[in-house]
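Colleague: Below: sequence and its predicted model.
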Amino acid sequence: MTNYTQHAKPSLKGKALPRFFWDNIDMGKTLFKRLSFLSIKFDQIIKDLSANAAIANGAGAKVNRINWILQNNANGYPGIETQRDILSARRYIANFSSLNFEASKQNRFVSTNELETHGFTDASFITALRQVSTFIAWAYNLEIPDRIKQIIESIHDDPKEIPADERIVTEDDLANNRSYRFPFIIIIDNSLSMGEGNTLERLQQGLTNLFHEISKSAELSRKMELFVATCGGEAKEIVGFAMIDRQEQQLDSLLLRPFGACKMADTIQMALDKLKERLDTLRKPSYDISFYEPWMLILSDGKFKGDMPAAIQRIKTDFPMLQVYARGISPAARMEALKTIDSKATILGNMEGFFKDVFNSLEKLRYSDPGGERVHLVQEQSFTDNK
C-alpha cells in the first residue's frame, strides 16, 4: 500500500518551492490529503532553506534546521510570534507524521475519527497553514498570496485564555486555607540554544512528573504555591503564584518550545516583582499567613542576555531569604554564568533523578514549620558535574 504523497519536481528550489506549495495547497480533497501535502512540503522547504547548514539527519534534525534558519537568514530575525508559530507547526506536523507512519505499518490510512481524536481538524490545519505560510513568507522574502490569506483568515484556532479568576489563588482561598505557604519559583530557559536534541522534551517531562507528584500529596498541594516562567525571547509568566490544584490545566498543557535569546535578567526581575506582591498579600493583617523561605529554581544553559548583575544584586538586597538554585541543562552549559547566581550550580546528568530529588526535598515541608529548620534542595539521585 502506498500512502498519499505529492512530490515537487526535483529541480524546484528557492522561491519556486513555496510558490508551488501555495499553488497546490488546496489540491487535496480530504483533510488527510491536505495534512500529507503540508507535511511533505514543509520538510522540503526546511531542507531547501537550510541547504548550507551542516546538520545531520535524525532526532531533532528539523528543530536544529529551523533554529539555523532563524539565526542565519538574510532577512534578519523574525518576530517572537513567528518563532513560536513555526515551532508549534513543526510539532503539529511531526505528530501527524507519527500517526500516519503507525497507520502505514498496519497497511492502512488514518481514519477521519483518528484525526479528530488526535486534534487534527480543518481549523487546526488552517492554523498550521497560517504558521507555515508566515514563516516561509519571511524566510523567502515573499508576500503570502491573497487566496492563501483568505483561507488562513477564515478560521482562528488560537487557544482561549483561562479567565484570571480561574488562574490565580484568590483572597477567598487564603481565607479558607490557612496552611503555611511555600512560594516556589521555577524559571525555564526555552531560548533557541536549548532547542538542540530532546533537552526541552526531557525537561518538560520531568516538570510534569514533579507537578503530578506534588498534586497527589494532600498536604503539599495545600502549602505549595508555584510560579512558573520562561525566558525564551521575552520574560513570560506561565503560571502565576497558585496552589497546584488551581493550576492543573495549565501545568498539564505546558509546552516548551525553543525561540529567541535567553532573557534571564528580565525574567528574574519579573519573578521577584510577583514574589513581593505575593508575600505582601500573605502578610496582610486580615490573613497573616506564615510562609517558608521561598525557592527559585533556574534551569538553563547559562547563555544569558540582559543586566544579570542588577538582577542578582536585587536578590541579595531585597530577598535575602530566597534560596536560589541554578542547574545547567546541557553538557555545554556556561557554568561560570550559572555560578554567578548559585555558587553551587551543577550540570544535571540525570534529569529524572533530579526531579525526584526536588520532590523528596519538598516532602520535608510536611514535617517542618516556617522559622524552623531550613528546607534545602538536596540532590542524591541525580549525577552532577561541577565543572
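Modeller: Cool, got the structure. Keep in mind it's a predicted model, so treat the numbers as computed, not measured.
Colleague: which residues in the stretch 151-300 of the chain form strands?
Modeller: Taking DSSP state E, counting those that start in this stretch to define them, one finds strands in the stretch 151-300 of the chain at 182-188, 224-230, 236-243, 295-300.
Colleague: Given the longest one, what are its sheet partners and their directions?
Modeller: Read it as strand 236-243. For strand 236-243, the paired strands and their directions (DSSP bridges) are strand 224-230 (antiparallel).
Colleague: who's in contact with the strand it pairs with?
Modeller: Surrounding strand 224-230, the residues in contact under the criterion Cβ atoms under 8 Å, 6 or more residues apart in numbering are 169, 181-190, 211, 214, 235-244, 247, 251, 254, 256, 267, 270-271, 274-275, 278, 362, 365. C-beta: built from backbone N, CA, C; applies to glycine.
Colleague: need the least confident one among the strands of the stretch 151-300 of the chain, by mean pLDDT.
Modeller: With a mean of 82, strand 236-243 has the lowest mean pLDDT of the strands of the stretch 151-300 of the chain.
Colleague: tell me the angle of that strand relative to strand 182-188?
Modeller: Taking axes from the mean of the first three to the mean of the last three Cα atoms, to 10 degrees, one finds strand 236-243 and strand 182-188 inclined to each other by 160 degrees.
Colleague: one step back: any of the contacts of strand 224-230 buried? List them.
Modeller: In terms of neighbour count (16 or more other Cβ atoms under 10 Å), the buried residues within those are 169, 181-190, 211, 214, 235-236, 238-244, 247, 251, 254, 256, 267, 270-271, 274-275, 278, 362, 365.
Colleague: residue contacts, S300?
Modeller: Shown here is S300, whose contacts under the criterion Cβ under 8 Å, 6+ apart are 187-189, 194, 231, 262, 264, 326-329, 333, 338.
Colleague: re the thing from before, can I get the strands of the stretch 151-300 of the chain in JSON lines with distance to T134?
Modeller: As requested, these are arranged in JSON lines below (distance: least, Cβ to Cβ, whole Å):
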{"stretch": "strand 182-188", "distance to T134": "25"}
{"stretch": "strand 224-230", "distance to T134": "21"}
{"stretch": "strand 236-243", "distance to T134": "20"}
{"stretch": "strand 295-300", "distance to T134": "28"}
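Colleague: Compare those and give me the one nearest S111.
Modeller: When the strands of the stretch 151-300 of the chain are compared by Cβ to Cβ, strand 236-243 sits nearest S111, at 34.9 Å.
Colleague: CA atoms of that closest one as PDB?
Modeller: Once side chains and other backbone atoms are set aside, the C-alpha atoms of strand 236-243 remain, and they are given as PDB (Å, rounded to 0.1, in the frame of the first residue of the first chain):
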ATOM      1  CA  LYS A 236       6.800  35.200  30.100                       C
ATOM      2  CA  GLU A 237       4.600  34.200  33.100                       C
ATOM      3  CA  ILE A 238       3.200  30.700  32.500                       C
ATOM      4  CA  VAL A 239       1.700  30.100  35.900                       C
ATOM      5  CA  GLY A 240       1.100  32.800  38.500                       C
ATOM      6  CA  PHE A 241       1.500  32.100  42.200                       C
ATOM      7  CA  ALA A 242      -1.100  29.500  42.900                       C
ATOM      8  CA  MET A 243      -1.800  26.300  44.700                       C
END
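Colleague: ok now it, how far from the chain's centre?
Modeller: Computed by Cα atoms, centre = their mean, to the nearest Å, the chain-centroid distance of strand 236-243 equals 14 Å.
Colleague: any idea which helix or strand comes after the helix or strand hosting E116?
Modeller: Of the helices and strands defined by DSSP states H and E, E116 is found in helix 112-117. Once helix 112-117 ends, the next helix or strand along the chain (criterion: DSSP H and E) is helix 122-140.
Colleague: What is that following helix packed up against?
Modeller: On a contact count with 3 or more Cβ pairs under 8 Å, 6 or more residues apart in numbering; DSSP states H and E, helix 122-140 meets helix 16-24, helix 31-49, helix 80-105, helix 146-152.
Colleague: Distance from the longest one to the middle of the chain?
Modeller: Read that as helix 80-105. Centroid separation between helix 80-105 and its chain, computed with Cα atoms, centre = their mean, is 15 Å.
Colleague: quick one: it to helix 122-140, angle?
Modeller: 120 degrees.
Colleague: in helix 80-105, what's buried?
Modeller: Of the residues in helix 80-105, 82-90, 92-93, 96-97, 99-100, 103 count as buried by neighbour count, 16+ other Cβ under 10 Å.
Colleague: Flag the shaky bits of the stretch 51-200 of the chain, pLDDT-wise.
Modeller: Scanning the stretch 51-200 of the chain with the threshold set as pLDDT under 70 gives 52-64, 80, 154-178.
Colleague: change it to 80
Modeller: Of all residues in the stretch 51-200 of the chain, those with pLDDT under 80 make up the ranges 51-68, 71-84, 152-179, 195-198.
Colleague: Now do the same contact list for R147.
Modeller: With contacts defined as Cβ under 8 Å, 6+ apart, the neighbours of R147 are W22.
Colleague: again, only using 7 Å
Modeller: R147 makes contact with no residue under the criterion Cβ atoms under 7 Å, 6 or more residues apart in numbering.
Colleague: now swap in S290 and tell me
Modeller: Listed by Cβ under 7 Å, 6+ apart, the contact set of S290 reads Y180, P370.
Colleague: picking up where we left off before, going by distance to K303, which of the buried residues of helix 80-105 wins?
Modeller: Distance ranking of the buried residues of helix 80-105 against K303, using Cβ to Cβ, places Q83 first at 16.2 Å.
Colleague: Name the nearest residue to the closest one, sequence neighbours excluded.
Modeller: F259 (3.5 Å; Cβ to Cβ, 6 or more residues apart in numbering).
Colleague: pretty sure the one you found contacts I86?
Modeller: No - checked against Cβ atoms under 7 Å, the pair F259 and I86 is beyond contact range at 8.5 Å.
Colleague: ok, the spatially most central residue of the chain to M194 distance?
Modeller: Averaging the C-alpha coordinates of the chain gives a centre point, and the residue nearest to it by Cα atoms, centre = their mean is L256 (1.5 Å). Using Cβ to Cβ, to the nearest Å, one obtains 8 Å as the distance from L256 to M194.
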